[in-house]
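Q: sequence first, then the predicted structure, then my questions.
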Amino acid sequence: IAGITQAPTSQILAAGRRMTLRCTQDMRHNAMYWYRQDLGLGLRLIHYSNTAGTTGKGEVPDGYSVSRANTDDFPLTLASAVPSQTSVYFCASSATWGGTEAFFGQGTRLTVV
Amino acid sequence: GIQVEQSPPDLILQEGANSTLRCNFSDSVNNLQWFHQNPWGQLINLFYIPSGTKQNGRLSATTVATERYSLLYISSSQTTDSGVYFCAVERGNEKLTFGTGTRLTIIP
C-alpha cells in the first residue's frame, strides 16, 4: 500500500544523545515536511523540502537538521536531544510544494529524559 | 504568517447528533485540508477543499474562499467519529499551517 512510513514508532532517548527519525514515501511526491505536535499547540512545521536536493526551515527549526538525498527519504536528525524536544513527530508529503494535498505518516512519539 | 482559528475548541455530542465545525483563516489560501486525528494519533485526510463543497458519506465540507472560512459537517455522529479535527491551510509559498483543532467526543 502506497504511503508514508516513519520509524521508529516510539523512542525514549537520553538527553544529549543524537537521534535520527526516518521517513520514507513511495508516492514519488516532490515535497516533504516534518512537523511536531505538542499539547495545546497543534502541529508546527520544523523543516521542509520542496524537491530532492533542497531543504528549508519552518517555524521551529532550532535543534533539528534534515537532508533530502533522494525523492523518497527525508530523515530528521536531533544532534543533541533536549527534554523540550519531547513531542510527537509527523512526516508528510505532497505531490508539489504548493496547493496540493498533503499526506501524513503515523507519527513518532519521542521522549527525551 | 497566516492565522487559522477553529471553533468550537471542544464539542460533546450524543451518538446520532449532527455537528458543524468551523475554520476561519486570515488571508486568501490556495490549499485547505480537513484532517481527523483518531484516538491512536493517526492523521486521516478527510477533504482537500480550497473552495466549493464536497461530500463523503456522512461528512461534508464547504469552503467559502472569498469570506475566508470553511465548515465541516458531520451527520448522524458515531462513536468512531471521536477525536480531534484539524483544519490546515496553505498560502502562496508558505507551507501548511494548522489550526489548534476541535476535540469531538461522541457519547453512546
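A: Arrived safely, thanks for sending. Residues are numbered from 1 along each chain as shown, chains lettered A, B, ... in the order given.

Q: and the strands in chain A?
A: Here chain A has its strands, by DSSP state E, at A:4-7, A:10-13, A:19-25, A:31-38, A:42-49, A:56-57, A:64-66, A:76-78, A:87-94, A:102-104, A:108-112.

Q: what comes up buried for the third one?
A: So the one you mean is strand A:19-25. A:19, A:21, A:23-25 (16 or more other C-beta atoms under 10 Å in any protein chain shown). Glycine gets a C-beta too; all of them are placed from N, C-alpha and C.

Q: what's the neighbour count on residue 18?
A: No chain specified, so I'll use chain A. Per other C-beta atoms under 10 Å in any protein chain shown, the neighbour tally for A:Arg18 reads 10.

Q: I was thinking of chain B, sorry if that wasn't clear
A: Applying other C-beta under 10 Å, we find 11 residues neighbouring B:Asn18.

Q: looking at it, B:Lys54 is touching B:Phe47, isn't it?
A: Yes: contact status for B:Lys54 versus B:Phe47: in contact at 5.3 Å, counting by C-beta atoms under 8 Å.

Q: ok, those two, which is more surrounded?
A: More crowded of B:Lys54 and B:Phe47, by other C-beta under 10 Å: B:Phe47, with 21 against 14.

Q: who touches that one in this structure?
A: Residues in contact with B:Phe47 (C-beta atoms under 8 Å, 6 or more residues apart in numbering or on different chains) are B:33-34, B:54, B:56, B:59, B:61, B:72.

Q: and the residues you listed as JSON lines, adding pLDDT?
A: Converted to JSON lines, those look like this (pLDDT from 0 to 100):
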{"residue": "B:Gln33", "pLDDT": "96"}
{"residue": "B:Trp34", "pLDDT": "98"}
{"residue": "B:Lys54", "pLDDT": "98"}
{"residue": "B:Asn56", "pLDDT": "97"}
{"residue": "B:Leu59", "pLDDT": "98"}
{"residue": "B:Ala61", "pLDDT": "98"}
{"residue": "B:Leu72", "pLDDT": "98"}
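
Q: so which of those are also by chain A?
A: With C-beta under 8 Å from any C-beta of the partner chain as the criterion, these include B:Gln33 near chain A.

Q: out of the contacts of B:Phe47, which is nearest to B:Thr97?
A: B:Gln33 (10.8 Å; C-beta to C-beta).

Q: the helix or strand hosting that closest one vs strand A:42-49, what angle?
A: In the assignment (DSSP states H and E), B:Gln33 maps to strand B:31-37. Counting by axes from the mean of the first three to the mean of the last three C-alpha atoms, to 10 degrees, strand B:31-37 lies at 120 degrees to strand A:42-49.

Q: buried sites along strand B:31-37?
A: B:31-37.

Q: restrict that strand to CA atoms and write it as CSV.
A: Taking Å, rounded to 0.1, in the frame of the first residue of the first chain, the C-alpha atoms of strand B:31-37 are listed here in CSV:
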residue,chain,number,x,y,z
ASN,B,31,-5.0,24.9,-0.2
LEU,B,32,-7.3,23.9,2.6
GLN,B,33,-7.5,20.5,4.1
TRP,B,34,-9.5,18.9,6.9
PHE,B,35,-8.0,16.1,9.0
HIS,B,36,-9.3,13.7,11.6
GLN,B,37,-6.8,12.7,14.3
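
Q: ok, and what's touching that strand?
A: A:98-102, A:104, B:23, B:25, B:43-50, B:61, B:63, B:70, B:72, B:81, B:83-90, B:96, B:101.
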